[in-house]
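Trainee: predicted model, plus sequence, below.
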Amino acid sequence: MTVLFGGSFDPVHNGHINAVKSVRDALSPDKVIIMPAYVSPFKTSQRQGASDIHRLNMCRIAFDGIGTVSDYELTKKDVSYTVDTLEHLIRTSPDEYVLAVGSDSLRTLPQWHRARDIFAMCSIAAVSRKSGEALAPYARAVEDMGGQVMMVQTRPFEVSSTELRGLLSQHGDVTGLMPDGVIRYIAENGLYTA
Ligand code: ATP
């Protein structure tokens, strides 16, 4: 079994790591693939985001020993749909695939490009982003479209990349919200400063 976890990771944070670790502990997959998404340079500069290479490097630091970071979507230099990435992975590394998502992604999954095809190719492992959040209604919507959802128990780690970009631009304290190695990388490269 291979777990696929994608995102902008702009920047990667302990909420992402907590989510992947919870899925890994629950499912004991053979492989975990972290897939940073391509973000157009226009969008990146608009919201004070980091470049592809910096997001890739930060993921490599953050997920060291947890999963393999793939540059497949980044090197395509075009917005990638999850369905296309899954097709590529299944073709090149056949396995049973599980797509790991946080609750906000679970909620929007039915609207993703070719959602039914995604659900035919993999099952979904969903984790809460907030304590007390009900995942069942979102899971039901996915199941109504033929998807299979596992709700993975986790102690939610409530943080978002948006919040961190805000904090970093104000030189706020991000200790404990992201791995120390990532905090150092951001400082050394002057990322997310307004
Ligand atoms: P942004 O604030 O820029 O929208 P984000 O914090 O939501 O970013 P993404 O890179 O967009 O992070 O998320 C990638 C995946 O990680 C998504 O499936 C999302 O639901 C999940 N995720 C993000 N933050 C958390 C968290 N704190 N707990 C659990 N899952 C999370």
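Mentor: Sure, I can see it.
Trainee: distance of Val152 from Ala139?
Mentor: Noted for Val152: a distance of 11 Å to Ala139, by Cβ to Cβ, to the nearest Å. Heads up, the C-betas are built off the backbone N, CA and C, glycines and all.
Trainee: and stretch 50-62, C-alpha only, in PDB?
Mentor: What follows is stretch 50-62, C-alpha atoms only, in PDB (Å, rounded to 0.1, in the frame of the first residue of the first chain):
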ATOM      1  CA  ALA A  50       7.800  30.500  -1.700                       C
ATOM      2  CA  SER A  51       9.100  29.200  -5.000                       C
ATOM      3  CA  ASP A  52       8.800  25.500  -6.100                       C
ATOM      4  CA  ILE A  53      12.400  24.700  -5.200                       C
ATOM      5  CA  HIS A  54      12.100  26.200  -1.700                       C
ATOM      6  CA  ARG A  55       8.800  24.400  -1.000                       C
ATOM      7  CA  LEU A  56      10.500  21.100  -2.300                       C
ATOM      8  CA  ASN A  57      13.500  21.700   0.000                       C
ATOM      9  CA  MET A  58      11.300  22.500   3.000                       C
ATOM     10  CA  CYS A  59       9.300  19.300   2.400                       C
ATOM     11  CA  ARG A  60      12.500  17.200   2.200                       C
ATOM     12  CA  ILE A  61      13.600  18.600   5.600                       C
ATOM     13  CA  ALA A  62      10.200  18.200   7.200                       C
END
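Trainee: so what's the gap between it and the chain middle?
Mentor: Relative to its chain's centre, stretch 50-62 lies at 13 Å (Cα atoms, centre = their mean, to the nearest Å).
Trainee: over to stretch 21-33?
Mentor: Relative to its parent chain, stretch 21-33 has a centroid offset of 14 Å by Cα atoms, centre = their mean.
Trainee: got the buried residues for that stretch?
Mentor: For stretch 21-33, the neighbour count (16 or more other Cβ atoms under 10 Å) marks Lys21, Ser22, Val23, Arg24, Ala26, Leu27, Pro29, Val32, Ile33 as buried.
Trainee: re earlier: what sits in contact with each of Val152 and Ala139?
Mentor: Listed contacts common to Val152 and Ala139 are Ala126; contacts here mean Cβ atoms under 8 Å, 6 or more residues apart in numbering.
Trainee: returning to what we had before: so can I have CSV of the buried residues of stretch 21-33 showing secondary structure?
Mentor: Formatted as CSV, those follow (DSSP: H, G, I helix; E, B strand; the rest coil):
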residue, secondary structure
Lys21, helix
Ser22, helix
Val23, helix
Arg24, helix
Ala26, helix
Leu27, helix
Pro29, coil
Val32, strand
Ile33, strand
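Trainee: quick check, nearest of those to the ligand?
Mentor: When those are compared for distance to the ligand (Cβ to the nearest ligand atom), Ser22 wins out at 8.4 Å.
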